[in-house]
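Engineer: need a structure here:
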Amino acid sequence: MLRTVAGVGIRSLSSKSMRNPVPASFIRGGTSKGIYLQRSHLPEKQSEWNPIFLGIMGSPDPDYGRQLNGMGGGISSLSKICVVAPPTPEQKAIGIDVEYTFVQVGIRDSVIDLNGNCGNLSSMIGVFGIDQGICTPSKVVDGHATVRSYNTNTDKLIDTTFPISESGVPILDLPQASIAGVPGKASQIVLDFVNPSGARTGKLLPSGAPINTLEVRSVGTSVKASLVDATNPTVFILHDELAEFLPIDDYVRGIKSAEKQVSKVLEEIRQAGAVAMGLDPAAQSQPKIAFLRQPTEKEGSEADIVVHALSMGTLHKAVPMTVGLCLGAAAKTKGTIAWDIVQKSKAAGELIRILHPGGVVEVGAEYGSGGSITSAKVVRTGRRLMEGSVYW
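Structural biologist: All right, here's what the predicted structure looks like:
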């Protein structure tokens, strides 16, 4: 029940009253937008976060799927929250500047998913941390700050590097970089996932092989798949193989008659991949699924590989950045579907050029001497959109 005290709403939770509205920032990171909250402004018990997050986003919205009653935008890339906190003394001692938890909020349902991470919103964790006085950058060199964050979802470290003023304020409006899906130019933010392999499973190739065979019982066939876990686990399959038994091209073009049939089969494949990776097949956010193909002759001048990815069961309008980074790692891993495709590119270099529905993104992955991936990098931009309070 909502009551008003001195102009501030208080909604009762099981252990204590929680202020309503709650201080928040609304921020674009890459091709996603989300609500950034401070951990100290939320209940101590994580089990009490759910009604707050659902109220903020306007979920569930089973009939319309538009989240008009909240801050969400009716698609997965606009239904996200980051909860940011100072590092613990132990974390600070090993160079961590800030920690955060990523939250994917269901749109038509009440699912609060903490299984994965969002690469796009990760790019603005350092900026938000500095803005809110949660952290200071671990290093500043030539007017660029680097903030090392710890992601609780994946138990991984992420470095973000961006311009900063002499007074210590992150600068986001320099005309340095553009990214597909966002108009104009803004300051370059280098997003670097440190030792990204095994974000959920502990292994780059959870099955132990670069290619697996997954049964698709509903249509009586099987497909080849590369099951890769870097930044976020992803099931990679071949566009051309799907086209042999599904109207996959109609699905990509958004033809409704193909959507139901294709979506059902892709979810079946995703779940089979989850089982093979040792993950929960019921968790929609992980693993992701994406289908790949070789660029056409015309596309080959700008890309090494073409991807269409799904997020929360819906075809993504660009590519989830953790999927893009995972694809970059897969393309550098011998024997995977992605590796096979990229080897045919005449212009493939250190950076893998990925063509997605929104344009082209370049990602990099570096292997260490021990044969593991030590870094996965991409350039992002971001923008502060609003700072104030949000009702839930």
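Engineer: I'd say S149 and E99 touch.
Structural biologist: Yes. Counting by CB atoms under 8 Å, S149 does reach E99; the two are 6.6 Å apart. The way it works is simple: take the backbone N, C-alpha and C, and place the C-beta from them, glycine included.
Engineer: tell me which of these two has more neighbours.
Structural biologist: Between S149 and E99, S149 has the larger neighbour count (other CB atoms under 10 Å), namely 24 against 21.
Engineer: for that one, name its beta-bridge partners.
Structural biologist: V98, I158 (DSSP bridges).
Engineer: check V83 too.
Structural biologist: L37, T101.
Engineer: which pLDDT value goes with it?
Structural biologist: Looking at V83, its pLDDT stands at 98.
Engineer: ok, it - contacts?
Structural biologist: By CB atoms under 8 Å, 6 or more residues apart in numbering, V83 lies in contact with L37, Q38, R39, L42, W49, Y100, T101, V103.
Engineer: shaky segments in the chain?
Structural biologist: Filtered on pLDDT under 70, the chain yields the residue ranges 1-17, 346-349.
Engineer: re earlier: would you mind listing which of the contacts of V83 are buried?
Structural biologist: Using 16 or more other CB atoms under 10 Å as the burial test, the contacts of V83 include L37, Q38, L42, W49, Y100, T101, V103 as buried.
Engineer: so the first one makes contact with M71?
Structural biologist: No. Counting by CB under 8 Å, no contact exists between L37 and M71, whose distance comes to 11.5 Å.
Engineer: how near is the most centrally placed residue in the chain to Y100?
Structural biologist: The centre of the chain sits closest to C118, judged by CA atoms, centre = their mean, with a distance of 2.5 Å. For C118, the distance to Y100 (CB to CB, to the nearest Å) stands at 10 Å.
Engineer: okay, and the common contacts of the two?
Structural biologist: Residues touching both C118 and Y100 (CB under 8 Å, 6+ apart): C82.
Engineer: grab the longest helix from the protein for me.
Structural biologist: helix 256-277 (DSSP state H).
Engineer: what pairs with the helix or strand just after that helix, parallel or antiparallel?
Structural biologist: Per DSSP states H and E, helix 256-277 leads on to strand 288-293 as the next helix or strand towards the C-terminus. The pairing partners recorded for strand 288-293 under DSSP bridges are strand 232-238 (parallel), strand 305-311 (antiparallel).
Engineer: extract the C-alpha set from stretch 280-291 and format it as PDB.
Structural biologist: Output of stretch 280-291 as PDB, limited to C-alpha atoms (Å, rounded to 0.1, in the frame of the first residue of the first chain):
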ATOM      1  CA  ASP A 280      19.600 -23.900 -17.000                       C
ATOM      2  CA  PRO A 281      17.600 -24.100 -20.200                       C
ATOM      3  CA  ALA A 282      14.700 -22.200 -18.600                       C
ATOM      4  CA  ALA A 283      16.800 -19.100 -18.100                       C
ATOM      5  CA  GLN A 284      16.000 -17.000 -21.200                       C
ATOM      6  CA  SER A 285      18.800 -14.600 -20.800                       C
ATOM      7  CA  GLN A 286      21.500 -17.300 -21.000                       C
ATOM      8  CA  PRO A 287      22.800 -18.700 -23.200                       C
ATOM      9  CA  LYS A 288      22.100 -16.300 -26.000                       C
ATOM     10  CA  ILE A 289      21.600 -17.700 -29.500                       C
ATOM     11  CA  ALA A 290      22.800 -16.200 -32.800                       C
ATOM     12  CA  PHE A 291      22.900 -17.400 -36.400                       C
END
